[in-house]
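**Q** For reference, the sequence and a predicted model appear below.
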Amino acid sequence: MAVQLRKIDEQVMVITGATSGIGLTTARMAAEQGAKLVLAARSGDALDGLASELRRKGTQVATVTADVGNPADVERIGQAAMDRFGRIDTWVNNAGVGIFGKNEEVPLEDMQRLFQTNYWGVVHGSLEAVKRMKTRGGGALINLGSEVSDRSTPLQGIYAASKHAIKAFTDSLRMELEKDKAPMSVTLIRPAAIDTMFAVHARNHMDKEPALPPPIYAPDIVARSILYAAQNRKRDVFVGGASKAASSLNLWMPRALDRFMEKSMFKQQQSDQPSSPNRRDALHGPDERTELRERQGMPHHVAEQSAYTAVTLRANKIVPALLGAGALFAAWKFSRRNGLKSAF
């Protein structure tokens, strides 16, 4: 059966993790374009504030206070969408948390909690979306991966593992739905480092505050990519040329990337600020102080546009391949400038 995706102003869209960062930016952008929204997050107060903001502008909004790691909560999201709007056109699995620290020093309890949100949250949301959409006209399922979906990094090992797992699950589900001829598009969005509250919300097991390595991109680029995938069938979307470069370099020059990570990532993922022993985070519950914020405000330059992503969203298959080759060449030149020639 052919996949037919509606325009945003005709859609009912579910967004998890809707009260911060990429989810918040996407919710506001979708509202501006006329979508009906079903927003889910762990903070009921933040959801109420966001819903009030959007309703004042004429958006129809339903909210569900939910922890995506709990399948019963995710079922309530799907039921709320059906009760309020009668259908779901796009489901965005965006909710996620982070952990910084060496694998040996991160407690298993924290690792398991991260996987419950990042991986099982996507599984629960995807299966609920398929249940609600597969036989009711179909639509778009959009899962948030990462530039670390292919390539891991030190100090974020369990986070990278969860994003690897999301990619594997998403690819498997896509093939199964295609075999069933289900009218559904399944997209994996793979952002590079994004100026959101991610580092602030992450649990930290380092002596210094966590930081994201440049280049850093604006959450608006991710939101635009999500809304494009909601209307156009796409398999993967790399948000930021850096994300594609990391994937390409990992495929062709993995040892070179290992050496680069060993030399630079330990420093780049730690700020100059010491970490407080009373530091709060959002691993086990929402951090109410930082809800309804799209951006952290990075000290580095934040790219407001990505030419690579803009072109690949709309180009045929040849142009992305050429751009991918260009990203690979740039990564190769970068590695040689940084003394990694022996790693090839």
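**A** Arrived safely.

**Q** Please count neighbours and contacts with C-alpha atoms only from this point.
**A** Will do.

**Q** I'd like the average pLDDT over the helix or strand Met13 falls within.
**A** Assigned by DSSP states H and E, Met13 falls within strand 12-16. The average pLDDT within strand 12-16 is 99.

**Q** packing partners for that strand?
**A** For strand 12-16, the contact count by 3 or more C-alpha pairs under 8 Å, 6 or more residues apart in numbering; DSSP states H and E identifies helix 21-32, strand 36-41, helix 71-85, strand 90-93 as packing neighbours.

**Q** Just send those back as CSV, with distance to Val130 and mean pLDDT too.
**A** Shown next, in CSV, are the helices and strands packed on strand 12-16 (distance: least, C-alpha to C-alpha, whole Å; pLDDT from 0 to 100):
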stretch, distance to Val130, mean pLDDT
helix 21-32, 20, 98
strand 36-41, 16, 98
helix 71-85, 10, 98
strand 90-93, 9, 99
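
**Q** Make a markdown table out of those and add distance to Asp48 and mean neighbour count.
**A** Output for those, formatted as a markdown table (distance: least, C-alpha to C-alpha, whole Å; neighbours: other C-alpha atoms under 10 Å):
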| stretch | distance to Asp48 | mean neighbour count |
| --- | --- | --- |
| helix 21-32 | 13 | 24 |
| strand 36-41 | 10 | 26 |
| helix 71-85 | 15 | 18 |
| strand 90-93 | 20 | 28 |
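
**Q** I'd like these as JSON lines, with distance to Met184 appended.
**A** What follows is the helices and strands packed on strand 12-16, written out as JSON lines (distance: least, C-alpha to C-alpha, whole Å):
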{"stretch": "helix 21-32", "distance to Met184": "20"}
{"stretch": "strand 36-41", "distance to Met184": "19"}
{"stretch": "helix 71-85", "distance to Met184": "16"}
{"stretch": "strand 90-93", "distance to Met184": "9"}
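
**Q** hey, C-alpha coordinates of the strand holding Met13 in CSV?
**A** Taking only C-alpha atoms (Å, rounded to 0.1, in the frame of the first residue of the first chain), the coordinates of strand 12-16 have been written out as CSV:
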residue,chain,number,x,y,z
VAL,A,12,-2.4,15.2,14.3
MET,A,13,1.1,14.9,15.7
VAL,A,14,2.3,13.1,18.8
ILE,A,15,5.6,14.4,20.3
THR,A,16,7.2,12.9,23.4
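
**Q** now it and helix 21-32, what's the angle there?
**A** On the basis of axes from the mean of the first three to the mean of the last three C-alpha atoms, to 10 degrees, strand 12-16 is oriented at 160 degrees to helix 21-32.

**Q** Now strand 12-16: buried residues?
**A** Buried residues in strand 12-16, counted by 16 or more other C-alpha atoms under 10 Å: 12-16.

**Q** and of these, the nearest to Gly44?
**A** Gly44 lies nearest to Thr16 out of the buried residues of strand 12-16, by C-alpha to C-alpha, at 12.8 Å.

**Q** partners of the closest one in the sheet?
**A** Ala40 (DSSP bridges).

**Q** if we can go back for a sec, can you tell which of the helices and strands packed on strand 12-16 is closest to Thr187?
**A** Between the helices and strands packed on strand 12-16, strand 90-93 lies closest to Thr187; by C-alpha to C-alpha that is 9.6 Å.

**Q** contacting residues for Pro215?
**A** 192-193, 242, 301-303 (C-alpha atoms under 8 Å, 6 or more residues apart in numbering).
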